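In: model the following, please.
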Amino acid sequence: MYKQNNRFSRRSEGSIARNTMGNRIGKPLAGGKFHASRKSDVRKDDELEEKKAKAEKPVVRKILSFDDIKTQVAAWMENDRIPGKLQAWFTAEATPENSDWRIIKEYHGVQENLVIDAPSRDMKPLELVKRILEQLHKEHLRIFKKALRQIWFRATGDGRFALLVQVNVKGKISAHGYKTFVDFIERSCPEVISCHQIQCLPDRLFDPADAQGMKVESKCSFGSSFMPIASTGFSMHVLDWTPRIKDAWLNLPVRIKDAIHPNREDRFFEFCSGPSYVSASLAPFFKQVEALDCRESAMQSSKLNIRNLATQNMRFHRSHLDANFVSKFFSKSDNAEGRWTFYLNLGINDTINSEMVQTLAGSRPERILLQTGNLETASKAIKAFRNEGYMLRKNIPLYMEPGRGTFEILFLFVPDRVGILGQNPALAHRSRNIQRPKERPTRSNSSDIPHFVQKTPTFKQRKD
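Out: Residues are numbered from 1 along each chain as shown. Okay, here's the model as predicted:
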C-alpha cells in the first residue's frame, strides 16, 4: 500500500499564510519555492507612500539677506546671553571672477537639463560659463552630455579657473566626446589653466565642502593638479576645500593677525586647516606653526606650501580633530613651552565635544580662536570654555560669501587671570558671598567714635 510522505505541515483550507510583514504568500511547492504572489496580496502602506513622496520633493532653502543675518545674530546674542559686543562685520564685495561656478544636471521627471549654479544670488554668469554651456548643447557632444553630472569652475582668485568634470565615461562614444570637449576647452578658453575628470564612489555629486565618506578619483587631462591662490605665492590641490567666494577669504589672515597681535616668540596651531592658507600666511609672524587636517588633498596642499615658505618653521599633521592627538602632542617638552594660539575652523556640520574642549584648555594656550557658522555649537563651546577658565574676549562676525545667506563668527578666548569668572585659584579660598563695603565715617558721626590714645612713657617711667 502506497503511503504518502508529507514534507510540509498541513494547513486548513480556511487558513492564509502570511509573512512577517503581514503580506499574503503563495502555497509551498515540493522544491521549497513559493507560488508568485498577486500584486493585490501586497499590503499598501499609505503613510509610507506619503512619506516617500515628501522625501522626493526638493527642499527649497530661503537665502537670508545681510540685514536678516544681522537681526538673527543680534537675537541669538541676546537670547543666549553671549558676553561682549559684536565687532565690525568682516566682508568684501563678491566678484564673479573670484568665485566658483557650476554647471549641474537637474532632473525633472524624465527630462534632463543643464543649468548654471551661481555662487551667490543675483550674480550674473561669466562669459566663460555661458560659452561652455553653449558648447555642451551641440549635437556632436550629445552622448557626452548625457553622461555628464556636473562641471566645477574652481576659481584661483585672479580671474583664472581649474575645471573639474564629473562624468561617467562607460563607452568609446562618451570617451571620444570627453576628449573633444577637452580639446575645445584647451583651444578656446585661455582662462582655464587645468582640466580634470573626476568620479565619486558612491555616485554622488562632488562637493569640496562635503567630501567625507566619499572616494574621489581624479585624472588630469591637461595642466597641473595644483592651482595658485591668487597672487599670494601659495597653492592648493584642485580637490581641496575653499569658500566658493574667495574675495574676503583671501584677506582673512590679515584680519586674524590684527585681532590677536602676535609676538614673534608666539606659536600657532591651526586645526581643520584645509590647504593651510591661514597658517602659512601667518608663519612669518610666529616662531612655530603647526597645521592639522585629515584629508589627502589638504595634506598635499599643505606640504607644497610648507616647501615654498622662506621661514621653514611650519609642520603638517594628518589626523582627525582628536583629543588623544592633542594631549600626546603637548605632552612633549618642546611643545609644552611657549605661548600658543589655537585656531579651529569648524564646518557648518562640525561640532566640538566637551572632551576636546578640556584637552585644548588643559594645554594652557594663550589664545583660542573658534570659527563656526553654527550658533548652537557656538553657544555650547562658549559655556564649555568658560567652565575651563577661558573667557570670551572678542566676537568678530564674518560675512565671507555675500549673497549665499551664510555667515560665521570668529570667537577669541583668553585665560581668566584676574578672576572675572570666579575661578581664579588665588581667589578660590574666598567665600562666594557678596562682600558689602563697610560704612565710611562722616563728620557728623565721627565724634561718636571713641578714640583711645596711649601716651608714650618717659625714660623714668619705663625704668620704674
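
In: distance of residue 228 relative to residue 368?
Out: Distance of residue 228 to residue 368, given as Cβ to Cβ, to the nearest Å: 31 Å. Bear in mind the C-beta positions are built from the backbone N, C-alpha and C, glycine included.

In: can you map out the helices along the stretch 201-350 of the chain?
Out: When assigned using DSSP state H, counting those that start in this stretch, the helices of the stretch 201-350 of the chain occupy the ranges 252-260, 277-282, 296-307, 323-330, 333-336.

In: now do the same for the longest one: mean pLDDT, whole number.
Out: pLDDT averaged over helix 296-307 equals 95, rounded to a whole number.

In: buried sites along that helix?
Out: Of all the residues in helix 296-307, those buried under the rule 16 or more other Cβ atoms under 10 Å are 297-306.

In: got it, and the shortest one?
Out: Residues of helix 333-336 classed as buried: residue 335 (neighbour count, 16+ other Cβ under 10 Å).

In: equivalent analysis for the first one, please.
Out: For helix 252-260, a neighbour-count test (16+ other Cβ under 10 Å) marks 252-253, 256, 259-260 as buried.

In: repeat for the fourth one
Out: In terms of neighbour count (16+ other Cβ under 10 Å), helix 323-330 has its buried residues at 323, 326, 329-330.

In: tell me how many other residues surround residue 123.
Out: Residues near residue 123, counting by other Cβ atoms under 10 Å, number 17.

In: what sits against it?
Out: 94, 96, 99, 403 (Cβ atoms under 8 Å, 6 or more residues apart in numbering).

In: from the residues you listed, which would you call buried?
Out: So, by 16+ other Cβ under 10 Å, the buried ones in the contacts of residue 123 are 94, 96, 99, 403.

In: need the max-distance pair from those.
Out: The largest distance within the buried ones among the contacts of residue 123, taken as Cβ to Cβ, falls between 96 and 403 and amounts to 11.0 Å.

In: returning to that earlier point: tell me which two of the buried residues of helix 296-307 sit farthest apart.
Out: For the buried residues of helix 296-307, the farthest-apart pair by Cβ to Cβ is 297 and 306; their separation is 15.0 Å.

In: and the residue nearest to residue 273 when sequence neighbours are not counted, bridged to which residues?
Out: Nearest in space to residue 273, with sequence neighbours left out and distances taken as Cβ to Cβ, 6 or more residues apart in numbering, is residue 291 at 4.0 Å. Under DSSP bridges, the beta-bridge partners of residue 291 are residue 270, residue 316.

In: start at 724, not 1
Out: With 724 as the first residue, the last one maps to residue 1014.

In: isn't residue 1014 right up against residue 1041?
Out: No - between residue 1014 and residue 1041 there is no contact under Cβ atoms under 8 Å: 9.8 Å.

In: neighbour count: the two, which is higher?
Out: The neighbour comparison of residue 1014 against residue 1041 (other Cβ under 10 Å) goes to residue 1014, with 31 against 14.

In: return the residues in contact with that one.
Out: Applying Cβ under 8 Å, 6+ apart to residue 1014 gives the contacts 992-993, 996, 999, 1002-1003, 1025, 1037-1040.

In: distance of it from residue 814?
Out: Residue 1014 is 25 Å from residue 814, by Cβ to Cβ.

In: residue 1012 too?
Out: Distance, residue 1012 to residue 814, by Cβ to Cβ: 26 Å.

In: which one of the two has more residues nearby?
Out: Legend: neighbour count by other Cβ under 10 Å for residue 1012 and residue 814, higher for residue 1012 (27 against 17).

In: skip the chain neighbours and tell me the closest residue to that one.
Out: residue 1037 (4.2 Å).

In: quick one: end-to-end distance for stretch 922-932.
Out: This stretch, stretch 922-932, spans 16 Å end to end (Cα to Cα, to the nearest Å).

In: one step back: doesn't residue 1013 make contact with the residue nearest to residue 1012?
Out: Yes - the criterion here is Cβ under 8 Å, and residue 1037 meets it with residue 1013 at 7.4 Å.

In: need the residues touching each of those two.
Out: Both residue 1037 and residue 1013 are contacted by residue 1002, under the criterion Cβ under 8 Å, 6+ apart.

In: circling back: let me know the closest of the buried ones among the contacts of residue 846 to residue 907.
Out: Using Cβ to Cβ, residue 819 comes nearest to residue 907 of the buried ones among the contacts of residue 846, at 21.6 Å.
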